[in-house]
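Asks: Curious how this folds, go ahead:
(2 chains)
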There are 2 protein chains.
Amino acid sequence: MRGRSLLLDLYELTMAASYFARKVKLEATFDLFVRNLPHNRSFLVACGLQKAIRFLEDFSFGPSDIDFLKKKAIFKDDFLDYLKGLRFTGSVYALPEGTVFFPNEPILRVSAPILEAQIMESYLLNTINVATTLCSKASRVVLAAGERGVYDFSLRRTQGCSAALAASRSSYIAGCSGTSNALGSALYGIPAVGTMAHSFVMSFKSELESFRAYASTFPDNTTLLVDTYSYATGIDNAITVGRELALKGYRLKAIRLDSGDLVKISRLARVMLDKAGLSCVNIFASGNLDEYKIEKLIGKGARIDSFGVGTNMGVSSDAPYLDVIYKLSQIDDARSGAQPVMKLSEDKITYPGKKQVFRVCDKKGFYGKDIIGLEGEAVKGEPLMVNVMEKGKIKSPLPSLDKIRDFARNNISLLPARYKKLTQAESYPVSLSKGLSRLIAKVRSRAIAS
Amino acid sequence: MRGRSLLLDLYELTMAASYFARKVKLEATFDLFVRNLPHNRSFLVACGLQKAIRFLEDFSFGPSDIDFLKKKAIFKDDFLDYLKGLRFTGSVYALPEGTVFFPNEPILRVSAPILEAQIMESYLLNTINVATTLCSKASRVVLAAGERGVYDFSLRRTQGCSAALAASRSSYIAGCSGTSNALGSALYGIPAVGTMAHSFVMSFKSELESFRAYASTFPDNTTLLVDTYSYATGIDNAITVGRELALKGYRLKAIRLDSGDLVKISRLARVMLDKAGLSCVNIFASGNLDEYKIEKLIGKGARIDSFGVGTNMGVSSDAPYLDVIYKLSQIDDARSGAQPVMKLSEDKITYPGKKQVFRVCDKKGFYGKDIIGLEGEAVKGEPLMVNVMEKGKIKSPLPSLDKIRDFARNNISLLPARYKKLTQAESYPVSLSKGLSRLIAKVRSRAIAS
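Replies: The predicted structure follows:
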């Protein structure tokens, strides 16, 4: 397998070749941020930073990458020689993973020689986009489920293998309790969960026989799927096996509902299980769930203890990407010093300068408003962006996944409820500082005058 | 980096452990198929097969995978020893990549010892799902663009790295002309294309200077992005550089429009370029495009020669996944022979038996209707599924990417226009053969009687 350093848009290299040919030695600052919220999102949760900065630290073209570029016959040899030794030497400020954030707030701020900063563009966008999209979606599912557990079941329908791993990690950060994805569990230390498939039940002569077979292999860890033929027989057979397990001193962990009217069936199942003396058996539900359906199920009185959520969470199917961009905000050159820049094309304006995000909280610590200001500007509020890389090296030990998860849950809990309703939530207030507003006016008037 | 064999849902292993403990030696057949079309899809294009069968051929748990499973402390040592030596030994029938197909038609049919067939479930679903989703979307974009070129620009917003590679490959198979993704180009031999970013323009003292810099590095391969400050100056500056290149014997390849009213601006740009004697300069458009917007632009008389299409195509944003499932259809055991099976739960019925898809064409070769029948059944029509693996080995040399692309374009061209309108297309007729209908009735009555 090749390294991922060539995972870039070709224009990043053609621009680099042009900079190289002209010996351009500018230091550039780029902001990675989301321009607008998708429909039905009122807040986002930053995710993907660890993978992004590890990529920057490890960046290096391999011999097969250089061979490929040589064969394209558009690059000169001195440029290709330069690429062989290219490493990322810049600095990065970022919102820590798990930070709740809003449009126009930089998630990442990269300062580096322009050629380097430009070559990292697409990988950074891709990595932050998928992780943040999936983490933000999962946080809504977890909010809808309240105290009930949510498990990531998305592997089979995510957009490829790296998306599947991003889904496991991001949804765990957002507050999910585990994943069905064994590789995700192995790589990140996330609790893995597994039940059974319909094919398992169908491969035995009878449903009861299949339940007994599974229970005999995993007597203290059995969840029985009860909808292969009909719920009536399925729940009855589960009760039979639950009693048999109880006689041997084990506890049937749960039954799983995967189709039909989950309100009606879960209530019926609860009554049947309780009557049979199996009150300790949980009810687990799955089958095309998302935050909207979970909210409705709970609202209608479903008796469900935890949820397996697959495709809709793992693809963020109602908002499968973020309007995330990577834009030049400042150029520093030896002669003329710092030059903040902005893009003026009619529908796509950007903000100039090296920026910081400041959060103002109320007395109880709940989030009140954010202010996008300039780095070093005296703005009331807590600065959120942290210096995570200097001279191409990651600065401090990276936090553990559980620390990130705690941080995210704390962030989400401090966002007042009116900003995190699943539909028609209020817009969280984000404004620009005086310093940034002045800078925008200055850059704009200079651009128009020139 | 670990291998991908552990990219499975844990339940595949817990079921396997249960089969193993009971020495179950059944041969199972699973169908991988799409249950329903997403909104605004009237046909699908099969994709992802090569990656799927290479995975099957290479399948093997590594030492770190076994270590991880051992640490979970739910599997017995004899089962873990068995997993160490586990390989895929089954057979696969499949629709060749590039085949146009419809719901309920098996894309893949896997026959293998049930334990093996079950362990492959999630990887196969994931791989076929992402490739087929993206190929089917891209085929619509290509249809909308007609004779104009379409280029994959999606890397920065796909759901992770493997999705980015799937997007490059799938969209090329669907008829795109190239990709911006350098790694996709290197791995698959797809033509790579690149222009410039706004940051490049902004990093120079003036737009004109940036255009000249780029043109001096790539005099015979320059596309100028003309919307950073305003189209008026952008197109004027491009004309200046186009004339300078012409004097040196080169040709400015294109200008690129990336925002604003693309109909108005492209028509204006065409007039300005033609007046300046630069009729040979193409107009390239990008910026949040999809098949709907492209159809509209062309309908309104935009003068655009080719399109760069990113996020919406690379994420299939209006239908980011398929309702793809992997279901048991037959069990063969030494004693009782072949037993076709089906799932009867109310909203999720499946078809039993080893099936084949037959396509009936009209005299001109256009597709008329499909019939889902049984393997070996005498059904009028051409059988579409091909035997691609036997005893765990890929059968014949895999076709080149360009052969697959030709096959796909031929398939799409033979589907009558009424079935491939972008919206409100007619439903292509798919029926069940007599043999399959009889088998369904038989299995259902047996299940209800038991």
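
Asks: Go through the least confident helix or strand in chain A by mean pLDDT and flag the buried ones.
Replies: Lowest mean confidence among the helices and strands of chain A (mean pLDDT, DSSP states H and E): helix A:434-449, at a mean of 88. Using 16 or more other Cβ atoms under 10 Å in any protein chain shown as the test for burial, helix A:434-449 gives A:435-436, A:439-440, A:443. To be clear about C-beta, it is placed using only N, CA and C from the backbone, and glycine gets the same treatment.

Asks: Nearest to B:Gln159 among these?
Replies: When these are compared for distance to B:Gln159 (Cβ to Cβ), A:Leu436 comes out closest, at 32.5 Å.

Asks: starting at the chain centroid, how far to the longest helix along chain A?
Replies: Secondary structure of chain A read by DSSP state H shows that its longest helix is helix A:121-145. On the basis of Cα atoms, centre = their mean, to the nearest Å, helix A:121-145 sits 3 Å off its chain's mean C-alpha point.

Asks: Could you report the distance from A:Glu426 to A:Val45?
Replies: Counting by Cβ to Cβ, to the nearest Å, the separation of A:Glu426 from A:Val45 is 18 Å.

Asks: neighbour count winner among those two?
Replies: Between A:Glu426 and A:Val45, counted using other Cβ atoms under 10 Å in any protein chain shown, the more crowded position is A:Val45 (28 against 12).

Asks: Quick check, pLDDT for the more buried one.
Replies: According to the prediction, A:Val45 has pLDDT 98.

Asks: Please apply the same query to A:Pro106.
Replies: Note on A:Pro106: pLDDT of 98.

Asks: is it true that it lies in a helix?
Replies: No - using DSSP: H, G, I helix; E, B strand; the rest coil, the secondary structure at A:Pro106 is coil, not a helix.

Asks: ok, A:Cys47 touching A:Ser170?
Replies: Yes - A:Cys47 lies in contact with A:Ser170 (Cβ atoms under 8 Å); the separation is 5.0 Å.

Asks: where does the stretch 1-150 of chain A have low pLDDT?
Replies: For the stretch 1-150 of chain A, residues meeting the criterion pLDDT under 70 lie at A:1-2.

Asks: just the helices in it please.
Replies: According to DSSP state H, counting those that start in this stretch, the stretch 1-150 of chain A carries its helices in the segments A:10-21, A:49-58, A:63-72, A:77-84, A:114-119, A:121-145.

Asks: for the third one, which positions count as buried?
Replies: This points to helix A:63-72. Counting neighbours by 16+ other Cβ under 10 Å, helix A:63-72 gives A:65-66, A:68-69 as buried.

Asks: now the shortest one
Replies: Along helix A:114-119, these residues count as buried under the neighbour rule (16+ other Cβ under 10 Å): A:114-119.

Asks: Which elements pack onto that helix?
Replies: Packing partners of helix A:114-119 (3 or more Cβ pairs under 8 Å, 6 or more residues apart in numbering or on different chains; DSSP states H and E): helix A:10-21, strand A:27-34, helix B:198-202.

Asks: shared neighbours of A:Cys47 and A:Ser170, which are they?
Replies: A:131-132, A:134-135 (Cβ atoms under 8 Å, 6 or more residues apart in numbering or on different chains).

Asks: top of those by neighbour count?
Replies: Compared across those, A:Leu134 has the highest neighbour count, 32 neighbours, by other Cβ under 10 Å.

Asks: so how far is A:Tyr351 from A:Gly373?
Replies: Distance of A:Gly373 to A:Tyr351, computed by Cβ to Cβ: 10 Å.

Asks: Repeat that for A:Ala338.
Replies: As judged by Cβ to Cβ, A:Ala338 and A:Tyr351 stand 15 Å apart.

Asks: Give me the more crowded residue out of those two.
Replies: Taking other Cβ under 10 Å, A:Ala338 and A:Tyr351 do not tie; A:Tyr351 has more neighbours (22 against 12).

Asks: check contacts around the more buried one.
Replies: Contact analysis of A:Tyr351 by Cβ under 8 Å, 6+ apart lists A:31, A:104, A:329, A:342, A:372, A:432, A:436, A:440.

Asks: pLDDT value on it, please?
Replies: pLDDT for A:Tyr351: 93.

Asks: And it, how far from A:Pro106?
Replies: A:Tyr351 is 9 Å from A:Pro106, where distance means Cβ to Cβ.

Asks: for A:Gly365, same thing?
Replies: As defined by Cβ to Cβ, A:Gly365 lies at a distance of 24 Å from A:Pro106.

Asks: and those two? which has more neighbours close in?
Replies: Looking at A:Gly365 and A:Pro106 with other Cβ under 10 Å, you find the greater number of neighbours at A:Pro106, namely 26 against 10.

Asks: if I pick the nearest residue to that one once chain neighbours are set aside, what's in contact with it?
Replies: Of all residues not flanking A:Pro106 in the chain, A:Asp31 sits nearest, at 4.2 Å (Cβ to Cβ, 6 or more residues apart in numbering or on different chains). Applying Cβ under 8 Å, 6+ apart, we find A:Asp31 in contact with A:106, A:108-109, A:326-327, A:329, A:350-351, A:355.

Asks: and if we set it to 6 Å?
Replies: Neighbour list for A:Asp31: A:106, A:109, A:327, A:329 [criterion: Cβ atoms under 6 Å, 6 or more residues apart in numbering or on different chains].

Asks: just A:Val150 next, same as before
Replies: Counting by Cβ under 6 Å, 6+ apart, A:Val150 touches A:141-142, A:176, A:307, A:309.

Asks: any idea which of those residues is closest to A:Leu384?
Replies: Comparing the contacts of A:Val150 against A:Leu384 with Cβ to Cβ places A:Val142 closest, at 21.8 Å.

Asks: That closest one contacts A:Gly175, doesn't it?
Replies: Yes - between A:Val142 and A:Gly175 a contact is recorded at 3.8 Å, counting by Cβ atoms under 6 Å.

Asks: With neighbour numbers in mind, choose between these two.
Replies: A:Val142 (25 against 22).

Asks: what's the spacing between the more buried one and chain B?
Replies: 20 Å (Cβ to the nearest Cβ, to the nearest Å).

Asks: before we move on, what about A:Leu80?
Replies: Using Cβ to the nearest Cβ, A:Leu80 is found at 13 Å from chain B.

Asks: Please work out how many residues are found near the spatially closest residue to A:Val100 that is not a sequence neighbour.
Replies: Computed as Cβ to Cβ, 6+ apart, the closest residue to A:Val100 that is not its neighbour in sequence is A:Asn411, at 4.3 Å. Neighbour count of A:Asn411, defined by other Cβ under 10 Å: 22.

Asks: just to revisit the earlier point, buried deepest among the helices of the stretch 1-150 of chain A, which one?
Replies: Highest mean neighbour count among these (mean count of other Cβ atoms under 10 Å in any protein chain shown): helix A:121-145, with a mean of 27.

Asks: quick check: angle from it to helix A:49-58?
Replies: 160 degrees (axes from the mean of the first three to the mean of the last three Cα atoms, to 10 degrees).

Asks: Would you mind pulling up the elements that helix A:121-145 packs against?
Replies: Where contact means 3 or more Cβ pairs under 6 Å, 6 or more residues apart in numbering or on different chains; DSSP states H and E, helix A:121-145 is packed against strand A:44-45, helix A:49-58, helix A:161-173, helix A:291-299, helix A:311-314, strand A:324-333.
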